[in-house]
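>>> Give me a 3D structure for the following:
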Amino acid sequence: MIMHLAILLIGVFACSTAVILIKASAENALLLAAYRLLVAAVALTPVYLRDRRRHAARYARAPLKQAVVPGILLGAHFISWIIAARMTGAANASLIVNLVPVAMPFLLHFLVRETVTAGEARGTVVALCGLLLLGAADFRVAPEYLWGDVLCLASMLVFAGYLALGRLNRDIPTTWLYVVPLYYTAAAFCFAVALFAVNPIKPYPPREVALILALGIVPTVLGHSSLNYAMKHVRGQVVSIVNMGQFVFAGVMAFFLLGEVPPPAFYAASALLIGGALLAIRRRDA
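Below is the predicted model of the structure:
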C-alpha cells in the first residue's frame, strides 16, 4: 500500500507541473494537447510492446477496446483544460478543476459500484474545506471569466470520468497495456479536432518543442500514468483527494522558481488537504 501511495504522490507532483508548462507555451491549445499525448504514447510504446508479448494469450485486443472511451475523455479534458486555463484566472481554474472528489463518488458508484466509506467522506469534506479556503480570497466571479469557469467545470467532469474508467479497467494486467492505447487514442482525437482549426504542418520554435516534450514526459508519462496505476491499486476516492495536492506542489514550485510567496491561506489549506488525505487513507474501511 505504501508503494502505491508513493507512486500516486509522484504522479500528483508530476501533474502539477502541467499548468506552468501550459502557461509558458504560446502554441495552439489543440496542437499542444495532441503533441503532448503523442510524445507520451511514443515514449511508452517499447514497454507496451513488451507487456503485450507477455500477455498476448489473454490480452491481444481487449485493452485497445477498453482504452477508446477514456482516451477520448482524456483528449477532451486536455483540450478543454488548456483553453480554460488561458480564459480564466489561475485561482478560478485551480479551484474548479480540483473539485473532482465531489463528482467521483457518483461516477464510482455508477461504473464500479464502489461506495465511498465514512472515512473517505470525512476526508473529502476536510480536504475540500482547505481548497475552498485557498480559493476564497482569490476566486473572482467576473463576466470575463464566465466561459472560462464553465469550461473548467466541464473539463473537471470529463477528467473525473476518465479517472473512474481507469478504476473500471483495473483488470488489465499492467498499466502500460492500458495507458499507451489510451494516449494514442487521445492524441488521435486531439489531432482530428485540431485539423478543423489549425494546420499542424509548420515550423515549431525550439522553445515550443522543448515545452511539448516536457509536457509529454513529466505530467503525462510520469503524472497521468501514475494516476492510472493508482486507480488500479488504490480506492478511487482516495486518488481523487490526494490528486488535489497539485495546488500544494504548484505553490511550492512557484515559490522556488518564480519567487511567488504563497498567501497565508495556502498553509492552512495545505494542512487541511493533508489531514483530509490521511483521514481517507487511514479510515478507508471505516
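>>> Just the C-alphas of stretch 49-68, formatted as CSV.
This file holds the C-alpha atoms of stretch 49-68, laid out as CSV (Å, rounded to 0.1, in the frame of the first residue of the first chain):
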residue,chain,number,x,y,z
LEU,A,49,5.0,-4.0,-26.8
ARG,A,50,7.0,-5.9,-24.1
ASP,A,51,3.9,-6.3,-21.9
ARG,A,52,1.7,-7.2,-24.9
ARG,A,53,4.1,-10.1,-25.8
ARG,A,54,4.0,-11.3,-22.2
HIS,A,55,0.2,-11.3,-22.0
ALA,A,56,-0.6,-12.0,-25.7
ALA,A,57,-2.6,-15.2,-24.9
ARG,A,58,-5.2,-13.3,-22.8
TYR,A,59,-5.0,-9.7,-23.8
ALA,A,60,-4.4,-9.4,-27.5
ARG,A,61,-7.1,-6.9,-28.3
ALA,A,62,-9.2,-6.2,-25.2
PRO,A,63,-7.0,-3.3,-23.8
LEU,A,64,-7.3,-1.5,-27.1
LYS,A,65,-11.1,-1.6,-26.9
GLN,A,66,-11.2,-0.6,-23.3
ALA,A,67,-8.9,2.4,-23.9
VAL,A,68,-11.1,4.1,-26.6
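>>> what distance separates that stretch from the centre of its chain?
The chain centre lies 24 Å from the centre of stretch 49-68; the measure is Cα atoms, centre = their mean, to the nearest Å.
>>> buried set for stretch 247-267?
247-251, 253-254, 262, 266 (16 or more other Cβ atoms under 10 Å). Just so you know, the C-beta spots here come from the backbone N, C-alpha and C atoms, and that holds for glycine as well.
>>> of these, closest to Ile281?
Distance to Ile281 across these (Cβ to Cβ) is lowest for Val248, with 16.0 Å.
>>> In which helix or strand does that closest one reside?
helix 246-258 (DSSP states H and E).
>>> what's the answer for Asp171, then?
Here Asp171 is covered by no helix or strand, with elements defined by DSSP H and E.
>>> next one: the one 5 residues further on
Trp176 belongs to helix 175-194 when assigned by DSSP H and E.
>>> Can you give the contact residues for the helix holding Val248?
12-13, 15-17, 19-20, 94, 98, 131, 134, 260-262, 266, 269-270, 273-274 (Cβ atoms under 8 Å, 6 or more residues apart in numbering).
>>> for Pro219, what are its contacts?
Pro219 touches 14-18, 21, counting by Cβ under 8 Å, 6+ apart.
>>> Filter those residues down to the buried ones.
14-18, 21.
>>> quick one: which of those sit in strands?
In this view, the buried ones among the contacts of Pro219 have no member that belongs to strands under DSSP state E.
>>> The helix holding Trp176 - what's its average pLDDT?
Taken as a whole, helix 175-194 has an average pLDDT of 95.
>>> That helix: which residues count as buried?
175-191, 193-194.
>>> now do stretch 152-172
152-170, 172.
>>> Out of those residues, name the ones that lie in helices.
152-168 (DSSP state H).
>>> by contact count, what packs against the helix with the most length in the chain?
When the chain is parsed with DSSP H, its longest helix is helix 29-54. In terms of contacts (3 or more Cβ pairs under 8 Å, 6 or more residues apart in numbering; DSSP states H and E), helix 29-54 is packed against helix 68-87, helix 175-194, helix 206-215.
>>> Remind me what the second one packs against, helices and strands.
Right, the one you point to is helix 175-194. helix 29-54, helix 62-66, helix 68-87, helix 225-233.
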